[in-house]
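**Q** Sequence first, then the predicted structure:
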Amino acid sequence: MAAERLSVRKIREVLRLPALGLSQRDIGRSTGISHNTAGLYIGRAKKAGLLSPAAVEALDDTQLEAAVLGVPPSQETGRPIPDWSIVHRELSRKGVTLQLLWSEYKHSHPDGYQYTQYVTRFRLWEGTIDPVLRQEHRAGEKIFVDYAGQTVSIIDAETGEISQAQLFVGVLGASNFMYVELTASQSLPDWIGSHVRMYTYFRGVSELTVPDNLRAGVRKACYYEPDINPTYLDLARHYNTTVLPTRVAAPRDKAKVETAVQIAERSILAPLRNHTFHSIAEANHEVRRLLEELNDRPFQEARGHAPHTLRGT
């Protein structure tokens, strides 16, 4: 099967991310392509002598496309390669065996691998994935972001019209240090603006920015390769971070920010439940006051402001 043909813009993003320490699977999730395609383009770039982001940036679009696409992809066997991640997931279902999955694969691809090759290649792939463990977050590695389910009513002083402000929440993975603010909507401009103000508040940027599959940030949600909004990718490039959306239907991926949202709702929104606000700026003044109290509260050993663990903005 032919590899997906990428735009030069996406090729640059794929070749930028290995220097940040991302795996091919994470690069695929961040850029909206399969991890196999990401690995293929990274391999082509290495064969072309593009061993660093600086080497990639030194080429214009035409030169980069010629250098990377001019190297033919590997034709290892010419046989269709199963999606091993799907095989791995199917094996967790009761009664499903490799023999059954191979039979289904062989029925769809008569020219595919024989059973021994199929099993051998799956075991090799299986050896490259990490076991599921309790998540441990390195300092400066991840910022998790999401919106709270609760909103804050803003009453127009002149017309009496009521609008609902959205609560944006960001939290550092290692220290649990939080950023919270209200915005008029969950639209792309508000989403991007909240990130900029969050990075400023944290006085640095993490290696990874981890959102849920919000429409403003992810144009097309997918279990393995979500399609990131181009403006969101531009923000990531500007701040030299990587957008790595959580997987669909994988609550463990976003447990950190879901906990932070609950804390924000209890420690910030609940105390403001009887307040009347006539503007978002007025409401955010109180939100910031309660946020500072929350971040200064010594209720958790790991909590604390650690700006030196982040890359400077």
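**A** Looks like it came in fine.
**Q** Where does the prediction get shaky in the stretch 1-150 of the chain?
**A** Across the stretch 1-150 of the chain, the stretches falling below the confidence threshold (pLDDT under 70) are 1-5, 70-78, 124-138.
**Q** That one: strands as residue ranges?
**A** Per DSSP state E, counting those that start in this stretch, the stretch 1-150 of the chain carries strands over the ranges 142-155.
**Q** What is the burial count for residue 188?
**A** 15 (other Cβ atoms under 10 Å). C-beta here means a position set from N, CA and C on the backbone, and glycine is covered the same way.
**Q** Could you do residue 234 as well?
**A** Residue 234: 12 surrounding residues under other Cβ under 10 Å.
**Q** Quick check: the gap between it and residue 228.
**A** Taking Cβ to Cβ, to the nearest Å as the measure, residue 234 and residue 228 are separated by 10 Å.
**Q** swap in residue 200?
**A** Distance, residue 200 to residue 228, by Cβ to Cβ: 22 Å.
**Q** Residue 109 now?
**A** Here the distance between residue 109 and residue 228 works out to 31 Å (Cβ to Cβ).
**Q** And the two? Which one has more around it.
**A** Shown here are residue 109 and residue 228; by other Cβ under 10 Å, residue 228 has more neighbours (24 against 13).
**Q** from memory the more buried one sits against residue 31, does it?
**A** Yes - proximity of residue 228 to residue 31 meets the contact threshold set by Cβ atoms under 8 Å, at 6.9 Å.
**Q** and the residue most central in space within the chain, what does it touch?
**A** Central residue check for the chain by Cα atoms, centre = their mean: the C-alpha nearest the mean position is that of residue 244, 1.6 Å away. Contacts of residue 244 were listed using Cβ atoms under 8 Å, 6 or more residues apart in numbering, and they are 22, 26, 29, 30, 208, 209, 210.
**Q** measure the fourth one to residue 156 for me?
**A** Residue 30 sits 40 Å away from residue 156 when distances are taken as Cβ to Cβ.
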